[in-house]
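any chance you can model this:
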Amino acid sequence: MKETFAKKPQQGESWDVIIIGSGPAALTSAIYTTRGAASTLIIGGEVWGGQLMLTTTVDNFPGFPQGILGPKLMGEMRAQAERFGAEFLGENATDVDFSKKPFEVIAAGKVYLGKSIIIATGAETKWLDVPGLKKLIGRGVSSCAPCDAAFFKDKKVVVVGGGDSAMEEAVTLTKYATEVTIIHRRDEFRASAAMQQKVKENPKIKILWNTEVTEVIGEQKLEKLKLKSNYDNSTSEFPVDGLFVAIGHVPSTQIFGGKIELDEKGYVKRFWDEKIGGYKTATNVQGVFVSGDVHDYQYKQAVTAAGFGCMAAMDAIKYLGELKD
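Numbering: from 1, shown residues only. Got it, this is the predicted structure:
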């Protein structure tokens, strides 16, 4: 059966949907909007695919019983969206104008017009700025225990951080690792009392207070960490199999400041108002929707991002239908 696609707009005409981003939320949105017969432009960025491009085997995305490499999963998602007619632009969105309709998105100096927008730019992990770390991401260095904990069964791991996320990472890792050490640069955590109690009562978890990681050491995989004591500036080496960095995420919302409403952490705020159709992925600008980690700082999983992508796409299709009524 031959596929039928929405007609691509001519120069000067508007796309039905412009999706900004290229992770699981963005690409799932594109699959749904194109299947909904909406012409769709993905402004995916020069470096596309989101955080899964930095992972190795993904074992917790449904449908892959043997697991799948993160970059391969994103490549399959992109191919699926393009199969249904989505157009992919490998340029960074540098500015937006949501004050008029059609909306404008600027990328590589060119203006693209859209009747609706889906923001799916994700969030970036805050990594430690220390030598050796970046080359070992996916080779013993991670930022997601629910994603990667099973790879560290019967091994020794370290979690860096002092907030609720770090506590949650550590507790999750105790289900697999033989020993979990939390390294924190201060002498007290900022995590909630309940999470601190969980950690301190777990016999598998040790805590190194007033300590910082100054270097990550390993060739093909993580081998050890270089540590500095904030008590006396002494240094030491710490053999370890895994390092989980849990010092926060930064939402990729730099170009949206002053254009849509953001919360105090910089994440896009969702507005659900029954009077304007009950769109659960709506922003404060009618016709602009949001999906994935750019608004979700709680779950931060590929599958939840994909779910939000589906929701945003269905909201956008509904909105486009109401424009025609």
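
outside of the helix or strand of the chain with the lowest mean pLDDT, which residues touch it?
Lowest mean confidence among the helices and strands of the chain (mean pLDDT, DSSP states H and E): strand 57-58, at a mean of 82. Here strand 57-58 makes contact (Cβ atoms under 8 Å, 6 or more residues apart in numbering) with 52, 64, 67, 68, 69, 70, 73, 147, 151, 302. (Glycine included, C-beta is placed from N, CA and C.)

after it, which helix or strand is next?
The helix or strand immediately downstream of strand 57-58 is strand 68-69, counting by DSSP states H and E.

could you export the very next helix or strand once past that following strand as CSV, CA atoms only?
Remark: after strand 68-69, the chain's next helix or strand is helix 70-83, criterion DSSP H and E. What follows is helix 70-83 as a C-alpha-only set of coordinates in CSV (Å, rounded to 0.1, in the frame of the first residue of the first chain):
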residue,chain,number,x,y,z
GLY,A,70,21.4,4.3,21.9
PRO,A,71,22.5,5.9,18.6
LYS,A,72,20.9,3.0,16.6
LEU,A,73,17.6,3.5,18.4
MET,A,74,17.7,7.2,17.5
GLY,A,75,18.6,6.4,13.9
GLU,A,76,15.6,4.1,13.7
MET,A,77,13.3,6.7,15.1
ARG,A,78,14.6,9.3,12.6
ALA,A,79,14.2,6.9,9.7
GLN,A,80,10.6,6.2,10.8
ALA,A,81,9.7,9.8,11.0
GLU,A,82,11.3,10.5,7.6
ARG,A,83,9.6,7.5,6.1
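
can you point out the buried residues in helix 70-83?
70, 71, 73, 74, 77, 78, 80, 81, 82 (16 or more other Cβ atoms under 10 Å).

pLDDT check: weakest of these?
Lowest in pLDDT among the buried residues of helix 70-83 is residue 70, which has 88.

any idea how far residue 54 is from that residue?
Residue 70 is 7 Å from residue 54, where distance means Cβ to Cβ, to the nearest Å.

need the overlap of contacts for the two.
Contacts common to residue 70 and residue 54, judged by Cβ under 8 Å, 6+ apart, are residue 138.

quick one: contacts for residue 281?
Residue 281 touches 118, 270, 289, 290, 291, 308, 311, 312, 315, counting by Cβ under 8 Å, 6+ apart.

quick check on it: phi, psi?
phi -110, psi 20 (degrees, to the nearest 10).

next secondary structure after the helix or strand that contains residue 206?
Secondary structure from DSSP H and E places residue 206 in strand 205-208. Next in sequence after strand 205-208, counting helices and strands by DSSP H and E, comes strand 211-217.

in that next one, what counts as buried?
For strand 211-217, using 16+ other Cβ under 10 Å, the buried residues are 211, 212, 213, 215, 216, 217.

tell me which residues are up against that strand.
Applying Cβ under 8 Å, 6+ apart, the set of residues contacting strand 211-217 from outside is 128, 130-133, 136, 141, 158, 160, 183-185, 222-230, 235, 237, 243.

filter those residues down to the ones in helices?
Using DSSP state H, no member of those falls within helices.

out of the residues you listed, which are inside strands?
141, 158, 160, 183, 224-229, 235, 237, 243 (DSSP state E).

need the contact list for residue 21.
Residue 21 neighbours (Cβ under 8 Å, 6+ apart): 42-45, 50, 118-122, 252, 292, 294.

got the phi/psi numbers for it?
Backbone geometry at residue 21, expressed as degrees, to the nearest 10, gives phi 130, psi 170.

roughly how far apart are the closest residue to residue 114 other than its chain neighbours and residue 36?
Of all residues not flanking residue 114 in the chain, residue 18 sits nearest, at 3.5 Å (Cβ to Cβ, 6 or more residues apart in numbering). Using Cβ to Cβ, residue 18 is found at 15 Å from residue 36.

between the two, who's got more neighbours?
residue 18 (30 against 19; other Cβ atoms under 10 Å).

what sits against the more buried one?
Residue 18 sits next to 40, 41, 43, 103, 105, 112, 114, 116, 117, 118 when contact means Cβ under 8 Å, 6+ apart.

what does the model give the residue nearest to residue 45 when sequence neighbours are not counted for pLDDT?
In space, and not counting its chain neighbours, residue 45 is closest to residue 92: 5.1 Å by Cβ to Cβ, 6+ apart. What the model reports for residue 92 is a pLDDT of 97.

please name the nearest non-neighbouring residue to residue 253.
Per Cβ to Cβ, 6+ apart, closest to residue 253 is residue 266, 5.3 Å.

that neighbour is in contact with residue 250, isn't it?
Yes: the criterion here is Cβ atoms under 8 Å, and residue 266 meets it with residue 250 at 7.1 Å.

those two: which is more packed in?
Taking neighbours as other Cβ under 10 Å, residue 266 and residue 250 compare with residue 266 leading, 17 against 13.

which pLDDT value belongs to the more buried one?
pLDDT, read off for residue 266, is 95.

same check on residue 197?
At residue 197, pLDDT is 95.

what do you get for residue 277?
Residue 277 is given a pLDDT of 61.

equivalent analysis for residue 301, please.
89.
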